[in-house]
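Novice: model the structure of this input:
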Amino acid sequence: MEVHVYDTYVKAADGHTMHFDVITGEKNHDQAIEYAKKWLASVGEGGSEVTTNECSFCHSQGAPEPVEQAIQKDGYFIQKMEGCPE
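Specialist: Numbering: from 1, shown residues only. Here you go, the predicted model:
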């Protein structure tokens, strides 16, 4: 499965930066932003701003099985990089 990676940097409520990738099965920037907002809300950071300035297309690649399964189930996968809640 080919997936599309959106590199995302968002300011948390306490001011630190969270860096994560939104990985989707469709190359759709607006949808990637919505997935980022959905995930942020699920970790208590729903007030964080996510626009094309914070979330930008990075590249496409093949996906490992766990990522592919998450995308098939939820439509997206979040790869936490830096400053993200566990």
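Novice: distance from the centroid: which residue in the chain tops it?
Specialist: residue 14 (19.6 Å; C-alpha atoms, centre = their mean).
Novice: hang on, residue 49 packs against residue 9?
Specialist: No: Residue 49 lies out of contact with residue 9 (C-beta atoms under 8 Å); the separation is 10.8 Å. All C-beta spots, glycine's among them, are computed from the backbone N, C-alpha and C.
Novice: okay, those two: which has more neighbours?
Specialist: Set residue 49 next to residue 9 and count neighbours by other C-beta atoms under 10 Å: residue 9 wins out with 16 against 10.
Novice: can you pull the contacts of that one?
Specialist: 17-19, 54 (C-beta atoms under 8 Å, 6 or more residues apart in numbering).
Novice: so it, which state does it fall into?
Specialist: Residue 9 carries the three-state label strand when classified by DSSP: H, G, I helix; E, B strand; the rest coil.
Novice: quick check: it vs residue 78, distance?
Specialist: Applying C-beta to C-beta, to the nearest Å, the value for residue 9 to residue 78 is 13 Å.
Novice: ditto for residue 10
Specialist: 11 Å.
Novice: any residues in contact with both of the two?
Specialist: 20, 36.
Novice: quick check: buried residues in the helix or strand encompassing residue 22?
Specialist: Residue 22 is part of strand 17-24, with elements assigned from DSSP states H and E. Neighbour-count burial for strand 17-24 flags 18, 20-24 (criterion: 16 or more other C-beta atoms under 10 Å).
Novice: neighbouring contacts of the lengthiest helix in the chain?
Specialist: In the chain, assigned by DSSP state H, the helix with the most residues is helix 29-42. The contact list for helix 29-42 (C-beta under 8 Å, 6+ apart) reads 4, 6, 8, 10, 20, 22, 24, 46, 48, 50-52, 54-55, 57, 75-76, 78.
Novice: circling back: how about the secondary structure of the residue farthest from the centre of the chain?
Specialist: coil.
Novice: and it, how far from residue 55?
Specialist: From residue 14 to residue 55 the distance is 20 Å (C-beta to C-beta).
Novice: picking up where we left off before, next, format the contacts of residue 9 as JSON lines and append pLDDT and distance to residue 30.
Specialist: Below are these laid out as JSON lines (pLDDT from 0 to 100; distance: C-beta to C-beta, whole Å):
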{"residue": "17", "pLDDT": "97", "distance to residue 30": "23"}
{"residue": "18", "pLDDT": "97", "distance to residue 30": "20"}
{"residue": "19", "pLDDT": "98", "distance to residue 30": "21"}
{"residue": "54", "pLDDT": "95", "distance to residue 30": "13"}
